[in-house]
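1. mind looking at a prediction? Sequence and model below.
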Amino acid sequence: MPGRKMTPQEKEIKKIVATNLNSFLSQNNAKKIEISKVTKIPPSTLTGYFNGTRLPTPENVEKLAKFFHVSKQDIDPRFKPVFSGEVIMLDGTKKFLTTTIHDSKSNQQTPIADNAIPLEQLGLHRIPVIGTIACGEPIDADQNVIDYMTIPGNIPNDAFALICEGNSMEPGLHDGDRVIIEPTPNVEDGEIAAVLVDGDTKATLKRIKHVGDTIELIPDNDDYDKIVLDKDHPGRILGRKVQMIRYGSR
């Protein structure tokens, strides 16, 4: 299955990360093979970071930052604060807030003042972006998470995001869209659901239709066939779509 298309922002971030890494490499007179041995990042993956062809995971950004003795934001601009300063609350009190575009799987935000307020109090929520889903593991288990994103709105606490791949749900959902999912096995007819089909490790996004003892997964694009779930072709509904986020044109 071909990989998803990167957003223009992600493509630019790859270039910035590569420039920063090569600068630190030169400053420290280090060798990539040495970095690979210390960080346990595979040489081919590391080469992709230095060449600007791969976007590093949060975990690997942290490893590289420790190797070069720099901060994560010195390597990857996604870790830079997008806002840092005082905000005035509705009751007139002032609070100090710092938020970042992206942070590591440790769920730790950039260090902030003691009187900082939680993101959820400003209507912001930090949720995991899920790639493949390992059998028998919780959806948000570390090995399933490929990214995190901070979004506004009334979002369920246990929500997660999936990245739409392909064009089977066009015109409503495009390749690369991030779809926010509320975990629930109960999805009404006509709603878009995230479904694991017959042992697949990647969820598909389709509209639900209950027909007797079967469930039909219906694409919005008429060029694609529906998928029928039954006792011979089982599936598992992970949740329903509650929001979609699109990052510019592709």
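-> Sure, I can see it.

2. least trustworthy helix or strand in the protein by mean pLDDT?
-> Ranked by mean pLDDT, DSSP states H and E, the weakest helix or strand in the chain is strand 81-88, scoring a mean of 46.

3. pLDDT below threshold where in the protein?
-> The model of the chain has pLDDT under 70 over residues 1-7, 9, 80-124, 132-143, 152-153, 247-250.

4. for it, identify the residue most remote from the centre.
-> Distance from the centre of the chain peaks at residue 212, with 35.5 Å (Cα atoms, centre = their mean).

5. so what's residue 183 bridging to?
-> Applying DSSP bridges to residue 183 yields these beta-bridge partners: residue 239.

6. for the helix or strand hosting residue 147, what is the distance to the chain centroid?
-> Here residue 147, judged by DSSP states H and E, is contained in strand 145-152. Relative to its parent chain, strand 145-152 has a centroid offset of 5 Å by Cα atoms, centre = their mean, to the nearest Å.

7. buried ones in it?
-> For strand 145-152, a neighbour-count test (16 or more other Cβ atoms under 10 Å) marks 145-151 as buried. (Each C-beta comes from the backbone N, C-alpha and C, glycine too.)

8. quick check: the gap between the nearest residue to residue 207 once chain neighbours are set aside and residue 206.
-> Closest residue to residue 207 apart from its sequence neighbours, by Cβ to Cβ, 6 or more residues apart in numbering: residue 218 at 4.5 Å. Going from residue 218 to residue 206 by Cβ to Cβ, to the nearest Å gives 6 Å.

9. more crowded one of those two?
-> residue 206 (23 against 19; other Cβ atoms under 10 Å).
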